[in-house]
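Asks: here is my input; please provide its structure:
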Amino acid sequence: MWALIIGGMAALWFQEPVIGATIALAIVVNIITAALFGVLIPIILDKFKLDPALAGSVILTTVTDVVGFFAFLGTASLVML
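Replies: Below you'll find the model as predicted:
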């Protein structure tokens, strides 16, 4: 839902539907990745006998930032070029 709202706002703002679709798709990819790694990272850290609460947030933030960055740029290069 959030991706559609932001994508629609971007499409209206720039008067270019492709930009809105690119942003919406990048947000969806980022949200799915954050949810997946938000579950997997604590499980993996627990298997290695590390405290998932301490290290999980740092790793999760890094992963979602990197994936979000490349999801947006990758989607933009595929759709707009």
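
Asks: from here on, contacts and neighbour counts on C-alpha atoms
Replies: Fine.

Asks: can you tell me the closest non-neighbouring residue to residue 3?
Replies: residue 24 (4.5 Å; C-alpha to C-alpha, 6 or more residues apart in numbering).

Asks: surely the one you found touches residue 6?
Replies: Yes: Residue 24 is within contact range of residue 6, at 6.7 Å (criterion: C-alpha atoms under 8 Å).

Asks: who's more crowded, those two?
Replies: residue 24 (25 against 16; other C-alpha atoms under 10 Å).

Asks: residue boundaries of the helices in this structure?
Replies: Under the criterion DSSP state H, the chain contains helices at 2-14, 17-47, 52-80.

Asks: so which residue is smack in the middle of the protein?
Replies: Compute the mean C-alpha point of the chain, and by C-alpha atoms, centre = their mean the closest residue is residue 30, 1.4 Å away.

Asks: what separation do you get for the nearest residue to that one once chain neighbours are set aside and residue 47?
Replies: Distance criterion C-alpha to C-alpha, 6+ apart; nearest residue to residue 30, sequence neighbours excluded, is residue 68 at 5.1 Å. Per C-alpha to C-alpha, to the nearest Å, residue 68 is found 27 Å from residue 47.

Asks: show the contacting residues for residue 16.
Replies: Contact analysis of residue 16 by C-alpha atoms under 8 Å, 6 or more residues apart in numbering lists residue 10.

Asks: and it, what pLDDT?
Replies: Residue 16 is assigned 90 on the pLDDT scale.

Asks: just residue 20 next, same as before
Replies: Confidence score, pLDDT, at residue 20: 91.

Asks: residue 68 and residue 47: which is more packed in?
Replies: Taking neighbours as other C-alpha under 10 Å, residue 68 and residue 47 compare with residue 68 leading, 20 against 11.

Asks: got the buried residues for the helix-or-strand element of the chain with minimal mean pLDDT?
Replies: Every helix and strand of the chain was ranked by mean pLDDT, DSSP states H and E. The lowest is helix 52-80, at a mean of 86. Across helix 52-80, burial judged by 16 or more other C-alpha atoms under 10 Å covers 52, 56, 59-60, 63-64, 67-68, 71-72, 75-76.
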